[in-house]
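> Attaching a predicted model along with its sequence, questions to come.
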Amino acid sequence: MEIIENMAESTSKSVLVLHGPNLNLLGLREPDHYGKNTLADIDGLLAKRAKEANIHLQSFQSNSELELIQRLHGLADKKVDFIIINPAAFTHTSVALRDALSAIKVPFVEVHLSNIYARETFRHHSYFSDIAVGVISGLGAQGYLLALDYAIQTIAD
């Protein structure tokens, strides 16, 4: 589990980025599908963009469904305006994570580094897409930046 946080000066706007299982292996794991960027590279790009926009950004990765759900439940006490989530393998399996996102009623974009529709059939179904504001799939690390740009525009004063 890794938590990366950038504290933008004097902002009340906040974005949470959730990375699901095995994304801690980015750069090593199947670079033909997921690219050569590490998770730290992606989080660094996001932190830089968020700082430029004066947005508070938190990034959290876990291989545990429980930890991701608990992080979402914790938002009842800590306001977040938008979520960017790459549920990774939980995309195709986790009704519990879906229910947590539904319960907290924070808008979110679902992001996938690879094009899940150009891969194995079992990857074509997502438990999140129908409740997401949008889905970005197959654009690598750029997908996260596009999702953040959308979040920034959406929550701007």
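Looks like it came in fine.

> Can you read off the pLDDT for Thr121?
Looking at Thr121, its pLDDT is 79.

> if you average pLDDT over the helix or strand encompassing Ile152, what comes out?
Following DSSP states H and E, one finds Ile152 within helix 141-155. Averaged across helix 141-155, pLDDT comes to 97.

> residue contacts, the most centrally placed residue in the chain?
Closest to where the C-alpha atoms of the chain average out (CA atoms, centre = their mean) is Ile85, at 2.4 Å. By CB atoms under 8 Å, 6 or more residues apart in numbering, the contact set of Ile85 is Val17, Leu18, Gly20, Leu101, Phe108, Val109, Glu110, Val111, Phe128. For every residue, glycine as well, the C-beta is placed using N, CA and C.

> mind redoing it with 6 Å?
Leu18, Phe108, Glu110 (CB atoms under 6 Å, 6 or more residues apart in numbering).

> Among those, which one lies nearest to Ser59?
Closest approach between these and Ser59, by CB to CB: Leu18, at 8.1 Å.

> Any idea what that closest one is bridged to?
Phe60, Ile85 (DSSP bridges).

> Repeat that for Ser137.
Applying DSSP bridges, one finds that Ser137 bridges with His112.

> ok, it - how many residues close by?
19 (other CB atoms under 10 Å).

> Repeat that for His56.
20.

> Render the CA-only coordinates of the host helix or strand of Asp41 in CSV, please.
Taking DSSP H and E as the definition, one finds Asp41 inside helix 39-52. Taking Å, rounded to 0.1, in the frame of the first residue of the first chain, the C-alpha atoms of helix 39-52 are listed here in CSV:
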residue,chain,number,x,y,z
LEU,A,39,3.3,3.8,-10.8
ALA,A,40,5.7,6.4,-9.3
ASP,A,41,6.0,7.9,-12.8
ILE,A,42,2.3,8.2,-13.2
ASP,A,43,1.7,9.5,-9.7
GLY,A,44,4.5,12.1,-10.3
LEU,A,45,2.8,13.3,-13.5
LEU,A,46,-0.5,13.6,-11.8
ALA,A,47,1.0,15.4,-8.8
LYS,A,48,2.6,18.0,-11.1
ARG,A,49,-0.6,18.6,-13.0
ALA,A,50,-2.6,18.9,-9.8
LYS,A,51,-0.2,21.3,-8.3
GLU,A,52,-0.3,23.5,-11.4
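
> and it, which residues are buried?
Neighbour counts over helix 39-52 (16 or more other CB atoms under 10 Å) mark Leu39, Ile42, Asp43, Leu45, Leu46, Ala47, Arg49, Ala50, Lys51 as buried.
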